[in-house]
Every structure is written in structure tokens, then in C-alpha cells.
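[1] Have a look at this fold, sequence not included:
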């Protein structure tokens, strides 16, 4: 039996991980160490005699995995190109290509991509300092500015403003309501009507935005403390699964409610050469992120094989987000008021 720092090869995940280093031509792994996992994937530090790397591994049994992998070749190829640009040097994580080409190792159950290892700190829910925040904003602005130069692959993701889960969410709130497990139903019940109203508003905004010809840039779509590594005043943006060509508001909305927004937006404008925030697009992305998070928590909670640990974690996240449902009804007014004051 192969055991590396407590991970043993009788475990199919351990077997999968142990096979990675030889596939990249790095020899056998000397250490494979678990890291703090994200919501969608396992994370490990992989060490060989010549390399230290970070491995991100998706489990096909997870409800969210198919969506995460749909455009994986696109985001991996484009991220590798972006990280190679001098302006973005040491600002992004990047994937290692396999000797035969491609970036994914798939054994049927587990799918892994291997990235450069950055020895930084994940701030998670701790706010970045102003210097760190503006460094991160500059990185995103550079990505947006460089978009016209990016050699896009044949298959890439482009914003359509159609929400892939809206019909399933609508069914959950109506026709499939009685089939929900009682505990999840009890959590959703006090917020059911408000969620339906927000979903209708999201659909209307999507239709309106699709009819407009908004400029599109490469957006990360998931900018927060769990997808950032910090070394001193330097930030490194990681986890590009959601990469998409979309209006800049897809990324900007993450910072709009930050008290430091004026400084953040001034820096962004300086990097990209000026930008006027589109209020409708900003509201669309705020509503979309809020409702998508709720839908995905529910999707995970109703998986029959879910562990008690995961159930407790996801239920807590769901209840936290549901607590903001009424406040989201006023999101449009808050956006208009703030933009009018600038």
C-alpha cells in the first residue's frame, strides 16, 4: 500500500493523486499533502524532487462538477496565456500542460488539473488591506484591458444572460416543492415568495441585457478571499473555472458594496482607461450570484450520499444567505442611489 503523509493508495483519490507526477514527467511524488478544500474541489500540495505544485481535483459524484468541467479546457488554456503576459506576471495562478498536450487528467471518477504552487495566505473572509485590494483590482483591470489580444480557443464561454438553473429553481419553488426533504423545505419556506420575486426580476433583466450590445471582457466571475492568495502586499488571483466573456460588471459587482468602492473604482478606471458602470448589469450579477448560491446549496443538500459534515456546512451557508433575501429586493435602489452620488 502506498501512503504519502497519511493519504493511502487503497483510497481511489489517493491512487489518482499518486499517478499525477509521473504523467507530467516529474518522477514519483515524495509528498502529497491535503490543503483547505474549496466548495467545488479537493486541493493538495504535490512535491517531487524537481517540482512543487498545487493539484485541484474534481469528483464526478458531486452535483456541481459537470458544470465546472464544461468549459475547463477554455479557462485552462486562456489562463495559461494570461499568466505568460508580462503585465500579469506573478498575479495569476497558471496550469501545467501535460507532455502530450492538454491540462486535465481524468480517470472516470476524479479529474485533476495541476497548477504552480504559490506559498501565500488565503484571506478567506478577512478583508484585504487597501494596498492588497488595489493590487487585486489592478490585476482584474489588466485582464479586462488585455481581452482583445487573447487568442480564444474554438469553444469558449460568452455571456448570454440566460441563467442555466432558472427553470430548475422555479420548479423547486413550485411544482417540486412538496418533494423537497422536510428540513430543506423548512429552511426555504419563510423566503419562498421573495425568492420567486427575485427570480422573476433576474429573468427580466437578463432579457433586457441580451437585447443590448454591451462590450465584453474576460471576467473571473468569482472574486473573493477564498480565491485570492496574498504574499505581503501582493495578491494572486486563483480558481478561474468561471472565466467568461461578459460585461465588466460581472467582476465589478464583487466590490460595489465595499466601503472603499470609490478608491477601487478609480483604480480600475485608471487601468482600463475609463468605464461607466451599467446599473442594470450590476443588478443582474448581484441577483444572479445570490440566487445561484442558494440553488447550489439546496442542490448539494438533497444529494442522498451527502455526509453529515457537509450537510451541516451547506445548511449553515444556506441559512446565512436566506437571511439576506428581503434586503435583496432593494438592491436595485441601492445601486441607483450610490451611482447617482458619484
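    Received the coordinates, thanks. In this text, all values refer to a predicted model and were calculated from it rather than measured experimentally. Residues are numbered from 1 along each chain as shown.

[2] Outside of stretch 302-322 itself, list whatever touches it.
    With contacts defined as C-beta atoms under 8 Å, 6 or more residues apart in numbering, stretch 302-322 is touched by 61-63, 180-181, 183-184, 187-188, 190-191, 290, 293-294, 297-298, 300-301. C-beta here means a position set from N, CA and C on the backbone, and glycine is covered the same way.

[3] Enumerate every residue touching residue 114.
    Applying C-beta under 8 Å, 6+ apart, we find residue 114 in contact with 20, 24, 46, 53-56, 95-96, 103, 105.

[4] can you pick the most crowded of those?
    residue 46 (25 neighbours; other C-beta atoms under 10 Å).

[5] Now the helix or strand containing that one: average pLDDT?
    Residue 46 is part of strand 42-47, with elements assigned from DSSP states H and E. Throughout strand 42-47, pLDDT has a mean value of 96.

[6] ditto for stretch 266-277
    Averaged across stretch 266-277, the pLDDT comes to 97.

[7] what does it contact?
    Stretch 266-277 is contacted by residues 134, 137-138, 140-142, 144-145, 248-249, 252, 256, 265, 339 when judged by C-beta under 8 Å, 6+ apart.

[8] Export those residues as a markdown table, with columns for neighbour count, secondary structure and distance to residue 13.
    Listed next are the contacts of stretch 266-277 as a markdown table, based on neighbours: other C-beta atoms under 10 Å; DSSP: H, G, I helix; E, B strand; the rest coil; distance: C-beta to C-beta, whole Å:
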| residue | neighbour count | secondary structure | distance to residue 13 |
| --- | --- | --- | --- |
| 134 | 22 | helix | 39 |
| 137 | 25 | helix | 36 |
| 138 | 18 | helix | 37 |
| 140 | 26 | helix | 33 |
| 141 | 23 | helix | 38 |
| 142 | 18 | helix | 36 |
| 144 | 23 | helix | 37 |
| 145 | 16 | helix | 40 |
| 248 | 26 | coil | 38 |
| 249 | 24 | helix | 38 |
| 252 | 25 | helix | 37 |
| 256 | 20 | coil | 39 |
| 265 | 18 | helix | 43 |
| 339 | 14 | helix | 47 |
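
[9] which of those residues lies closest to residue 278?
    Lowest distance from residue 278 to those (C-beta to C-beta) belongs to residue 249, with 5.7 Å.

[10] residues in contact with the strand holding residue 46?
    Contact partners of strand 42-47, identified using C-beta under 8 Å, 6+ apart, comprise 7, 13, 17, 20-21, 29-37, 52-59, 114, 117.

[11] partner strands of that strand, parallel or antiparallel?
    Note on strand 42-47: by DSSP bridges, its sheet partners are strand 31-34 (antiparallel), strand 52-59 (antiparallel).

[12] Same list as before, those strands that is, but in JSON lines and with distance to residue 110 included.
    JSON lines is the format used below for the strands paired with strand 42-47 (distance: least, C-beta to C-beta, whole Å):
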{"stretch": "strand 31-34", "distance to residue 110": "13"}
{"stretch": "strand 52-59", "distance to residue 110": "5"}
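
[13] can you give me phi and psi for residue 116?
    phi -60, psi 140 (degrees, to the nearest 10).

[14] which residue packs closest to it, ignoring adjacent ones?
    residue 94 (5.6 Å; C-beta to C-beta, 6 or more residues apart in numbering).

[15] From residue 35, how far off is the one you found?
    Distance, residue 94 to residue 35, by C-beta to C-beta, to the nearest Å: 17 Å.

[16] Looking at these two, which one has more neighbours?
    A count of neighbours by other C-beta under 10 Å puts residue 94 above the other of residue 94 and residue 35, at 18 against 14.

[17] could you check the distance from that one over to residue 222?
    17 Å.

[18] hang on, the earlier thing: so what's the residue nearest to residue 116 up against?
    Applying C-beta under 8 Å, 6+ apart to residue 94 gives the contacts 79-80, 82-84, 115-116.
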